[in-house]
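*Asks:* A structural model of the following input is requested.
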Amino acid sequence: MATKPPLKGVLPALTTPFESGGAVALGRMRENVEAYNRIGLSGYLAVGSTGESVLLERAEFEGVLSTVRDATAPGRILIAGTGVETTAETISRTEFAAKLGYDYALVGPPTFFKPALTSDVLVAHYTRVADAARIPILLYSVPQYTGVPIEVDVAARMALHPNVAGMKDSSGNVDRVGAILASVPETFRLVTGSSTTISSSMVMGAVGAILALADFLPELCVALYDAIVAGDAQKALDLQRRLIPPTRRIVGAMGVAGVKYAMDKRGYYGGPVREPLMPLSEEQTKEADRLLATLMPSAVSA
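*Replies:* Below you'll find the predicted structure:
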């Protein structure tokens, strides 16, 4: 297996753009990635939670992965979200990503049969995927969406597998991040998906972040990461505090619709969400406008 670039830095969890009629807008996806290429991002996650992954058909999944791969500048890390409900389909999607040249597969757990999803079941599922995959896999814990957290024991057991490279933890629970990192080898790379805990997670040993916030505020996310790496504690603290309101209100409270609206205001293409998700209300758009104008007034379009 070819050596993959080490997971680190800031990667946006790319949105999936749609036309007004509902079709995936692959041309818009290309334009967004080409714009992001000009910023100091480490790479991209395609078809994650912010990419409305559970609302995409298989052919759409393949189209998005192909477009992102083709638009990505050399030297960037490419991660594909491949986890679905069945082990076999997860393996199949991971193989497709491998054929395209993706560096990692981000694999969320099955979620529907929650009472049956014990630690042993999850370990068996992830082991089968990791055994079959031709690229390293990353565990993905986002319990606020799935209701199935990747517990410390599962992470510790899977970290021993030679084809499990690390994990994305989006729980926002820094204690959990610390407990996981204390239970795994140093080679296990953990990134946070919570933009309110970038600094504290990296103090614990996380190596970066995969963020919805980086879809519309990539410059600030990269600046925070750079300040942490440089040891500039005051700058890192200032930036981390600035990112808390848009994270809580736009990403958290407004969800994918809020992220896409903010992207439109920042000059990227956000566009509509896919039903059953709904667009923002007028009150929400006004709140988002106020937050964005406070953060980066010169960069927010009228």
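
*Asks:* just the helices in the stretch 51-200 of the chain please.
*Replies:* Secondary structure of the stretch 51-200 of the chain (DSSP state H, counting those that start in this stretch): helices at 58-71, 87-100, 119-132, 143-146, 152-158, 174-183, 198-204.

*Asks:* Contact partners for residue 295?
*Replies:* Applying C-beta atoms under 8 Å, 6 or more residues apart in numbering, we find residue 295 in contact with 217, 220, 242, 246. The way it works is simple: take the backbone N, C-alpha and C, and place the C-beta from them, glycine included.

*Asks:* ok, the second one - how many residues close by?
*Replies:* Residues contacting residue 220 under the criterion other C-beta atoms under 10 Å number 20.

*Asks:* And the contacts of stretch 126-139?
*Replies:* Identification of contacts with stretch 126-139 by C-beta under 8 Å, 6+ apart yields 1, 4, 7, 79, 87, 90-91, 94-95, 97-98, 102-107, 109, 150, 154-155, 158, 161, 163-168.

*Asks:* Sorry, slip of the keys, the one I care about is stretch 262-272.
*Replies:* Contacts for stretch 262-272 (C-beta under 8 Å, 6+ apart): 15, 17-20, 22, 25, 28, 31-32, 35, 215-217, 246, 250, 259-261, 279, 288-289, 292, 296, 299-301.

*Asks:* roughly how far is it from the heart of the chain?
*Replies:* Relative to the centre of its chain, stretch 262-272 is centred 18 Å away, using C-alpha atoms, centre = their mean, to the nearest Å.

*Asks:* got any ranges where the stretch 151-300 of the chain has weak pLDDT?
*Replies:* For the stretch 151-300 of the chain, the stretches flagged by pLDDT under 70 are 297-300.

*Asks:* What number of residues are in the vicinity of residue 37?
*Replies:* 15.

*Asks:* repeat for residue 78
*Replies:* By other C-beta under 10 Å, 22 other residues sit near residue 78.

*Asks:* For it, list each beta-bridge partner.
*Replies:* With DSSP bridges applied, residue 78 shows beta-bridge pairing to residue 44.

*Asks:* ok, it touching residue 69?
*Replies:* Yes - the pair residue 78 / residue 69 is scored as a contact, 6.3 Å apart, by C-beta atoms under 8 Å.

*Asks:* residues shared between the contacts of those two?
*Replies:* 101-102.

*Asks:* on that earlier part again, give the ChimeraX command for selecting the buried subset of the contacts of stretch 126-139.
*Replies:* Written as a ChimeraX command, the selection of buried residues from the contacts of stretch 126-139, which uses 16 or more other C-beta atoms under 10 Å, is:
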select :7,79,87,90,91,94,95,97,98,102,103,104,105,106,107,109,150,154,155,158,161,163,164,165,166,167,168
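
*Asks:* about what we covered before: which stretch among the helices of the stretch 51-200 of the chain comes nearest residue 189?
*Replies:* With C-beta to C-beta as the measure, helix 174-183 is the member of these nearest residue 189 (10.0 Å).

*Asks:* Which elements pack onto that closest one?
*Replies:* helix 152-158, strand 164-169, strand 189-192, helix 198-204 (3 or more C-beta pairs under 8 Å, 6 or more residues apart in numbering; DSSP states H and E).

*Asks:* Pull the residues that contact that helix.
*Replies:* Here helix 174-183 makes contact (C-beta under 8 Å, 6+ apart) with 149, 152-153, 155-156, 159, 167, 169, 171, 188, 190, 192, 197, 200-201, 204-206.

*Asks:* now with 10 Å?
*Replies:* 139, 141, 143, 149-157, 159, 167, 169, 171, 173, 188-192, 194, 196-197, 199-206 (C-beta atoms under 10 Å, 6 or more residues apart in numbering).

*Asks:* Alright, calling it a day.
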